[in-house]
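# Sequence below, structure please.
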Amino acid sequence: METLNLKDVVRYVEENIGTFHQKRITGLQDLKLKRVLSKKNPYLFKAKYVLTAQDIIKSLTDAFISSQEETIFGDWLEGLAIFVNEKVYKGRKSGIIGIDLEFDKDGIRYIVTIKSGPNWGNSSQIAKLVADFKTAKKTLRTSNSQLNIVAVNGCCYGRDNQPDKGDYFKFCGQRFWEFISGDTDFYTKIIEPLGHHAKERNDDFMQSYAQMINKFTKEFADTFCKDDGSIDWDKLVRFNSATNDPTR
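Numbers count the residues shown, from 1 in each chain. You can find the predicted model right below:
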């Protein structure tokens, strides 16, 4: 085990956090109105008495962006976790399907799948996680049948006070970052570096966001509003749910 130099972590964050912000903007630029509309519930908007095109646009795009950002930043944090673990335990990105990180500690080979937060999956997704762990163990033991392997689902934030899940351990928040870094307080030490140039980068994002809202609002009004400016709910529902709709 090596002692982690926080300056290395700060340098890594400063050099790589721009990737997260750029992917946020790229995600906006690649977004298509009809794609988002096709995935949202039009009945909900009617039930909430939504009357304007902009209200619909902001509601559905904000929900889409929030979900997308969670995925993008989760992937970014996975990279940070692997970087930190490599510095401390010489860990490495795993080449086994379904496994993100492998490292050795105290005679144990840890295989780790990294998720953003604790509430990441349904029962079938968790069943696949367990299956991936079992397959990974079998793969690793083909070259060393005596290898002591422990599977871990690591979550970058949150908590789970019952980490032993039988087939694997689930380490969240403080427990996860301590597990990969050896530092009890590491989970608080990384929060400040993550704000590197955050305001400037968020200003760029908000400019792209405003342009997208304006563009989508006009497109929605042109396609799904009547001549008097009211929303054509029949046309919107048909677009979303009809078996064959020509506007798709």
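# Buried ones in stretch 65-79, by neighbour count?
Judged by neighbour count using 16 or more other Cβ atoms under 10 Å, the buried positions of stretch 65-79 are 65, 72, 73, 74, 76, 77, 78, 79. In short, each C-beta sits where N, CA and C put it, glycine included.
# what sits up against it?
16-17, 19-20, 23-24, 27-28, 100, 114-117, 156, 209 (Cβ atoms under 8 Å, 6 or more residues apart in numbering).
# any idea which of the residues you listed is closest to residue 47?
residue 209 (26.4 Å; Cβ to Cβ).
# Check which element follows the strand or helix carrying residue 210 along the chain.
Per DSSP states H and E, residue 210 falls inside helix 198-224. Counting by DSSP H and E, the element after helix 198-224 in chain order, helix or strand, is helix 233-241.
# So which elements touch that next one?
helix 33-38, helix 42-47, helix 198-224 (3 or more Cβ pairs under 8 Å, 6 or more residues apart in numbering; DSSP states H and E).
# tell me the angle of that helix relative to helix 198-224?
Per axes from the mean of the first three to the mean of the last three Cα atoms, to 10 degrees, the angle that helix 233-241 makes with helix 198-224 is 110 degrees.
# In helix 233-241, which residues are buried?
235, 236, 238, 239, 240.
# For residue 124, see how far away residue 97 is.
Counting by Cβ to Cβ, to the nearest Å, the gap from residue 97 to residue 124 is 17 Å.
# What of residue 237?
Distance, residue 237 to residue 124, by Cβ to Cβ: 30 Å.
# try residue 80
Using Cβ to Cβ, one gets 29 Å for the distance from residue 80 to residue 124.
# Please apply the same query to residue 215.
Distance of residue 215 to residue 124, computed by Cβ to Cβ: 37 Å.
# Residues contacting the helix or strand where residue 152 lies, please?
In this structure, residue 152 sits in strand 149-155 according to DSSP H and E. Contacts with strand 149-155, where a contact means Cβ under 8 Å, 6+ apart, come from 81, 101, 108-118, 120, 129, 133, 136-137, 140-141, 165, 167-173, 176, 179-180.
# What pairs with it, parallel or antiparallel?
strand 108-115 (parallel), strand 169-172 (parallel) (DSSP bridges).
# That one - what's its average pLDDT?
If you average the pLDDT over strand 149-155, you get 96.
# cool, and stretch 138-145?
Stretch 138-145 shows an average pLDDT of 89 in the prediction.
# end to end, how far does that stretch reach?
Start and end residues of stretch 138-145 are separated by 9 Å (Cα to Cα, to the nearest Å).
# Can you tell me the element the residue nearest the centre of the chain falls in?
In the chain, the residue lying closest to the centroid (Cα atoms, centre = their mean) is residue 71, at 1.9 Å. Take DSSP H and E as the rule and residue 71 turns out to sit in helix 53-89.
# Please tell me how far that helix is from the chain's geometric centre.
4 Å (Cα atoms, centre = their mean, to the nearest Å).
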